[in-house]
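> Provided below are the primary sequence and the corresponding predicted coordinates.
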Amino acid sequence: VHQWAKNALIFVPLAAAHVLGDAARMLDGLTAFVAFSLCASSVYLLNDMLDLEADRAHHSKCRRPFAAGTLSLLFGLVAAPLLLLLAFGLALLLPAKFLGVLLAYYVVTLAYSFLLKRLVMIDVLTLAGLYTVRIVAGAAATDIPLSFWLLMFAIFIFLSLAIVKRFAELHAMRVQGKDKASGRGYQVNDIHLLQSLGTASGYLSILVLALYVNSPDIARLYSHPKLVWLLVPVMLYWISRIWMETYRGHMDDDPLVYALKDRTSLATGVAAAIVLWAAT
């Protein structure tokens, strides 16, 4: 269930459009959140069953219920389709385009579980897309037009975080003296290149943010748009710190889940929220 935290991205379009106080749209957003979470859980169960042997060889994933033997495969085989049916049943309560986005998410995650996660760089690009599609789903469920700036920012920052995830796995492999990540296409020697690609992508997301702050589009949403400039150093600090923590071997497998447990990341989020509130 802690993985459901990533589905909070569904509410990003509501926050970006400054309509969090719209009760009807918030209800649609909550329905989309539950539907996405149930669908994601269905895929997580399937993915863990497919990854059984690789997880048992992993330093932390070996504690997952199927890998550790605390849940039977029969449970997964029953729960996965049941959760999926519930997810799409809820999706029928929302606009048809949300149903289309949810279906696309499920198809891509299936492709990821069966094939794409084994392909170098295709896997992290897919993960970045799956993070971003949650924002697209939120916009579809609440009938909010998608912003070009938001999509570009999301793609770059989520690509950076997806590479953080792979870097953390390879770092753990290197500590254990292994040469290759089990079930992946990466070798431990790829770690330095991944670091370069990941930090570059993170800083590109900040560049997109800076360009947005300097664009005429921002004046429509903020009374004091120049204050949003303060968000740039806040985000620069956060993405730099995430990579520093990853480089030092302190990163959990999923950087978004890590951020929700990390006090500094939470404080940075509060600072960003204060800046946006002051600018509004």
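Received, thanks.
> show me what contacts residue 36?
Contacts for residue 36 (Cβ atoms under 8 Å, 6 or more residues apart in numbering) come out as 7, 10, 87, 102, 105, 134, 137. Any C-beta I mention is one placed from the backbone N, CA and C, and that applies to glycine too.
> and with 7 Å instead?
By Cβ atoms under 7 Å, 6 or more residues apart in numbering, the residues touching residue 36 are 7, 10, 102, 134, 137.
> distance of the second one relative to residue 261?
I take that to be residue 10. Look at residue 10 and residue 261: by Cβ to Cβ, to the nearest Å, they are 21 Å apart.
> which one of those two is surrounded by more residues?
residue 10 (28 against 11; other Cβ atoms under 10 Å).
> ok so the more buried one is a helix residue?
Yes. Looking at residue 10 with DSSP: H, G, I helix; E, B strand; the rest coil, it is inside a helix.
> grab the nearest non-local neighbour of it.
Distance criterion Cβ to Cβ, 6 or more residues apart in numbering; nearest residue to residue 10, sequence neighbours excluded, is residue 138 at 3.7 Å.
> distance of that neighbour from residue 213?
Separation of residue 138 from residue 213 (Cβ to Cβ) stands at 22 Å.
> of those two, who's got more company?
Per other Cβ under 10 Å, whichever of residue 138 and residue 213 has more neighbours is residue 138, with 29 against 20.
> from the contact counts, what lies against the helix or strand harbouring that one?
Take DSSP states H and E as the rule and residue 138 turns out to sit in helix 122-142. On a contact count with 3 or more Cβ pairs under 7 Å, 6 or more residues apart in numbering; DSSP states H and E, helix 122-142 meets helix 12-16, helix 23-50, helix 96-114, helix 148-175.
> how about the last one: buried residues?
Within helix 148-175, the residues scored as buried using 16 or more other Cβ atoms under 10 Å are 149-150, 152-173.
> could you tell me the angle between it and helix 122-142?
140 degrees (axes from the mean of the first three to the mean of the last three Cα atoms, to 10 degrees).
> report the next helix or strand after helix 148-175 in sequence order.
helix 191-213.
> output the below-cut-off pLDDT ranges for the chain.
For the chain, the stretches with pLDDT under 70 are 51-63, 66-69, 179-183, 253.
> go ahead and flag the most central residue of it.
Centroid check for the chain by Cα atoms, centre = their mean gives residue 131 as the closest residue, at 3.8 Å.
> now it: closest residue in space, sequence neighbours ignored.
residue 158 (3.8 Å).
> isn't that neighbour right up against residue 128?
Yes. Using Cβ atoms under 7 Å, residue 158 is in contact with residue 128, at 4.1 Å.
> show me the contact partners of stretch 219-226.
18, 213, 218, 228, 278, 279, 280.
> now the fourth one: how far from residue 218?
What it means is residue 228. 6 Å.
> which of those two has more neighbours?
Each of residue 228 and residue 218 had its neighbours counted (other Cβ under 10 Å), and the higher figure belongs to residue 228 (22 against 15).
> three-state assignment of the more buried one?
helix.
> my guess is it meets residue 215, correct?
No. Counting by Cβ under 7 Å, residue 228 stays clear of residue 215, with 10.7 Å between them.
> quick one, the strand or helix carrying residue 84 and helix 122-142 angle?
Residue 84 belongs to helix 73-91 when assigned by DSSP H and E. On the basis of the same axes, to 10 degrees, helix 73-91 is oriented at 40 degrees to helix 122-142.
> buried sites along helix 73-91?
Across helix 73-91, burial judged by 16+ other Cβ under 10 Å covers 76, 80, 83, 84, 86, 87, 88, 90, 91.
> chain center to that helix: distance?
Centroid separation for helix 73-91 versus its chain: 22 Å, with Cα atoms, centre = their mean, to the nearest Å.
> tilt between that helix and helix 96-114?
Using the same axes, to 10 degrees: helix 73-91 against helix 96-114 is 160 degrees.
> got the angle between helix 73-91 and helix 23-50?
Using the same axes, to 10 degrees: helix 73-91 against helix 23-50 is 160 degrees.
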